[in-house]
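> Following is a predicted model, sequence given first.
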Amino acid sequence: MLHNSGSTLLHNLIKTSKSVVTLPIEGDMLIRKEAKPFMNPIFWQYPRIFSEIADKFEDPESYNWKGIKQFWKSYWKKDPRYQNLVKRKLPIVFLEKSSPNIYRAELLEKEFENSHFLVVTRNPYAIIEGTRRRMAKKNYGIERITEHCLKAMEKQAQDIAELKQVIWFSYEDLCDKTKEVKEKIKSFIPTLSDINIAASFKIHSLEGRKSKPIANFNVKQIAKLSKGELIKINKILGKKESLLNSFGYAIIE
């Protein structure tokens with residue numbers, strides 16, 4: 001899942017299930033925070049534009065999977081729900097959300113038995129606006145962010161086609177057709193039948209980090225792009241217009 005694509009919203013929704021145990025932060029960021037030598041350190045040099053080193057994320061040599069699994073498991077066990085679920089011999093869903101998983105999904109599938117993948121897409125214009133806003137200090141530039149977004153969407157399409165156990169839905173459907181998405185998730189992973197779509201969640205948005213019910217911010221975000229920025233974005237997205245259309249999106253003039 002791309003940054004600013006609704007991944008945090010989806011993560012927070014999934015963890016409302018009593019069967020879910022989570023990491024305190026994204027798995028790769030936890031490794032970085034604890035300075036564990038389990039991933040290629042070049043990863044940390046490309047925040048939110050990880051597609052620029054896709055080959056490194058896809059390279060098995062970039063990972064110490066034994067160390068990663070032991071490390072993540074030690075944190076999953078710290079989740080207050082874990083011991084209770086084990087004691088009651090109930091099924092456990094181990095949840096991990098890191099955006100670069102787009103490029104290492106096949107490796108995760110090999111390393112974690114019975115892996116299930118939830119892919120969420122979002123209108124690329126909203127993703128681009130959100131990334132620019134969140135990474136203003138990096139001054140990446142609208143073209144660079146757009147190129148990243150397009151490359152990552154191409155890889156998402158590949159993941160959807162090739163992973164063994166995967167479903168996808170859009171941020172827009174998650175917000176506007178929430179009950180339908182819940183049913184889709186339940187059918188895919190029945191253990192998650194108790195996710196609570198009525199809950200409020202703290203997520204980063206135009207309104208700051210506030211606790212809010214599920215809501216679609218696309219219109220407000222896209223409106224913040226200037227006409228000049230739209231021209232630059234369209235020049236890049238237009239190269240893969242069929243890809244956008246396959247996900248239900250279109251060029252915005």
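Sure, I can see it.
> Tell me where the stretch 101-250 of the chain is predicted with low confidence.
203-209 (pLDDT under 70).
> let's see 90
134-140, 200-213 (pLDDT under 90).
> all helices for it, in order.
Applying DSSP state H, counting those that start in this stretch to the stretch 101-250 of the chain gives helices spanning 101-111, 124-134, 142-162, 171-176, 178-188, 218-222, 227-237, 241-246.
> closest to residue 253 out of the ones you listed?
Residue 253 lies closest to helix 227-237 among those, at 7.3 Å (C-beta to C-beta). Quick note: C-beta positions are derived from backbone N, CA and C, even for glycine.
> And the closest one, what does it pack against?
Other helices and strands packing on helix 227-237, by 3 or more C-beta pairs under 8 Å, 6 or more residues apart in numbering; DSSP states H and E, are helix 124-134, helix 142-162.
> looking at the ones you listed, which is buried most?
Of all the helices and strands packed on helix 227-237, helix 124-134 has the most neighbours on average by mean count of other C-beta atoms under 10 Å, namely a mean of 23.
> For it, what is the distance to the chain centroid?
Relative to its chain's centre, helix 124-134 lies at 14 Å (C-alpha atoms, centre = their mean, to the nearest Å).
> other SSEs contacting that helix?
Looks like helix 124-134 contacts helix 142-162, helix 218-222, helix 227-237 (3+ C-beta pairs under 8 Å, 6+ apart).
> With distance to residue 243 added, can I get those in a markdown table?
A markdown table is the format used below for those (distance: least, C-beta to C-beta, whole Å):
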| stretch | distance to residue 243 |
| --- | --- |
| helix 142-162 | 6 |
| helix 218-222 | 18 |
| helix 227-237 | 9 |
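> wait, which of these is closest to residue 135?
Across those, closest to residue 135 is helix 142-162 (C-beta to C-beta), at 7.8 Å.
> now the angle between helix 101-111 and that closest one, please.
Using axes from the mean of the first three to the mean of the last three C-alpha atoms, to 10 degrees, the direction of helix 142-162 lies 30 degrees away from that of helix 101-111.
> Can you give the distance from helix 142-162 to the centre of its chain?
Using C-alpha atoms, centre = their mean, the offset of helix 142-162 from its chain centre is 12 Å.
> That helix packs against which elements?
helix 101-111, strand 117-121, helix 124-134, strand 166-170, helix 227-237, helix 241-246.
> what's next to it, contact-wise?
2, 48-52, 54, 102-103, 105-106, 117, 119, 121, 124, 127-128, 131-132, 135, 166, 168, 229, 232-233, 236-237, 239-240, 243-244, 246-247 (C-beta atoms under 8 Å, 6 or more residues apart in numbering).
> Buried only: go through the residues you listed for me.
2, 48-51, 54, 102-103, 105, 117, 119, 121, 124, 127-128, 131-132, 135, 166, 168, 229, 232-233, 236-237, 240, 243-244, 247 (16 or more other C-beta atoms under 10 Å).
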